[in-house]
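K.L.:
this one's sequence-less:
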């Protein structure tokens, strides 16, 4: 792509030169309105007729879309009373606080929804195309400004007057249309490639899980005789295999209740909570600390090879502790499961429990009136498929080999997705700041 034939000084030191014929304006002069949202004071249960989606930061993707997953709602009655915060076609939605501050979406089609208190609606006036506003806000140039002007001690946040501190580059009106159209076309192609690659990864993950599920419940020999497991939702298992309650093959310990103050004899130690437990692995990017007594240090310390199971959140999510930290403990949103090595293989159980989770078994045994909890009493009574120990180890070896080959393919695809995302971001940033020229024809 070519550069513009002539550039001029923008008059603002940190912006530098801009194309001849372009201007610079504060964002507030390009907007008709800035609105924030709200929610009802009490959560309610709604039927499909009486509920309206309430859009928060978690529903806005970095690719500029609104994702209607894990929806929150307000009542239709509350929605109709709202004087602001209702989403319209052409709106630009901006996440105003939290870890994902700056995420932006453009509303291309009419939707019946409102925003919550963590999102701004920006509506342009007649001097600026709404689609071009979206591309400006997601550019590196503006994202840097948003991060600079966000404020808040515990959690960064944008005040409503942030629009006075954000500067945008303004092309002539015909060029605004050309730029928006060009970026719509280019980003749609890039997004489609990203979607295809992400879809391929999901297919590989589904295939991987299907292989795991079959191996841990039916075995490796397709010609083996089968028998009724005695568990309705599980069906048949291999002859020679048994079914046992988890408490008979492992010791189960629920973690310690949160303690923020030292009782005088305690030690400050790192601990795992439900947010740290992912499927198969633990996430140690955000590890909290709390106080433990000598007795609790012995009881709640995690040892290499332990399984960690989420008690809340996505109940039953199971990870293998591989000694990621030299010393670590558990909070009461996590169970520590220490497997008896004479009776079971911990990695076989990891794969089995993941299969149970993917089949929805854990969700089926918890009370979901409010927040679900997989209590120790429920966990220890779970019936598990128990092949002979040597067969468990054969299954683990087989799954390692199968999983490794698919993981290698996924690892080759993932960098391609990242490069496409980087190219998308660079293209948007270079076009809206005038570093490259778009042909108006």
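P.N.:
Thanks, I have it. Please read all numbers here as calculations on a predicted model, not as lab measurements.
K.L.:
helices and strands around the one helix or strand residue 18 maps to, which ones?
P.N.:
Per DSSP states H and E: residue 18 is located in strand 17-19. The elements that strand 17-19 packs onto, with contact taken as 3 or more CB pairs under 8 Å, 6 or more residues apart in numbering; DSSP states H and E, are strand 7-9. Just so you know, the C-beta spots here come from the backbone N, C-alpha and C atoms, and that holds for glycine as well.
K.L.:
hmm, who's touching the strand it packs on?
P.N.:
Strand 7-9 has contacts (CB atoms under 8 Å, 6 or more residues apart in numbering) with 16, 17, 18, 19, 20, 434.
K.L.:
cutoff 10 Å now
P.N.:
15, 16, 17, 18, 19, 20, 21, 22, 434, 435 (CB atoms under 10 Å, 6 or more residues apart in numbering).
K.L.:
The last one: what's it in contact with?
P.N.:
Right, the one you point to is residue 435. By CB under 10 Å, 6+ apart, the contact list for residue 435 reads 1, 3, 4, 7, 17, 18, 19, 141, 426, 429.
K.L.:
gap between the two ends of stretch 291-303?
P.N.:
Terminal residues of stretch 291-303 lie 19 Å apart, using CA to CA, to the nearest Å.
K.L.:
what comes up buried for it?
P.N.:
291, 292, 293, 296, 300, 301, 302 (16 or more other CB atoms under 10 Å).
K.L.:
Closest one of the contacts of residue 435 to residue 253?
P.N.:
Closest approach to residue 253 among the contacts of residue 435 (CB to CB): residue 426, at 49.7 Å.
K.L.:
can you tell me which residues contact that closest one?
P.N.:
Residues near residue 426 by CB under 10 Å, 6+ apart: 139, 140, 435.
K.L.:
Check the residues you listed against residue 215 and report the nearest one.
P.N.:
The closest of those, once distances to residue 215 are taken by CB to CB, is residue 140, at 46.2 Å.
K.L.:
re the thing from before, could you look up the next helix or strand downstream of the strand holding residue 18?
P.N.:
That would be, after strand 17-19 and using DSSP H and E, strand 23-26.
K.L.:
Point out where the chain drops to low pLDDT.
P.N.:
Confidence mapping of the chain against pLDDT under 70 gives the ranges 42-48, 151-156, 367-371, 440-441.
K.L.:
which residue is nearest the centroid of the chain?
P.N.:
In the chain, the residue lying closest to the centroid (CA atoms, centre = their mean) is residue 58, at 7.9 Å.
K.L.:
Wait, that residue touches residue 68, no?
P.N.:
No: with contact defined as CB atoms under 10 Å, residue 58 does not reach residue 68; the gap is 11.2 Å.
K.L.:
Near residue 150, how many other residues are there?
P.N.:
Using other CB atoms under 10 Å, the number of residues around residue 150 comes to 17.
K.L.:
Once you drop chain neighbours, what's closest to residue 257?
P.N.:
Closest residue to residue 257 apart from its sequence neighbours, by CB to CB, 6 or more residues apart in numbering: residue 332 at 5.0 Å.
K.L.:
what's around that neighbour, how many residues?
P.N.:
18.
K.L.:
Ok, residue 439 next?
P.N.:
So residue 439, with other CB under 10 Å, has 8 neighbours.
K.L.:
any idea how far residue 189 is from it?
P.N.:
Using CB to CB, to the nearest Å, one gets 17 Å for the distance from residue 439 to residue 189.
K.L.:
Break down the stretch 51-200 of the chain into its helices, ranges please.
P.N.:
For the stretch 51-200 of the chain, the helices defined by DSSP state H, counting those that start in this stretch cover 76-81, 130-138, 140-149, 173-218.
K.L.:
Out of those helices, which is the most enclosed?
P.N.:
helix 130-138 (a mean of 25; mean count of other CB atoms under 10 Å).
K.L.:
between that one and helix 173-218, how many degrees?
P.N.:
Between helix 130-138 and helix 173-218, the angle comes out at 60 degrees (axes from the mean of the first three to the mean of the last three CA atoms, to 10 degrees).
K.L.:
from the chain's centre, how far out does helix 130-138 sit?
P.N.:
Using CA atoms, centre = their mean, to the nearest Å, the mean C-alpha position of helix 130-138 is found 24 Å from that of the whole chain.
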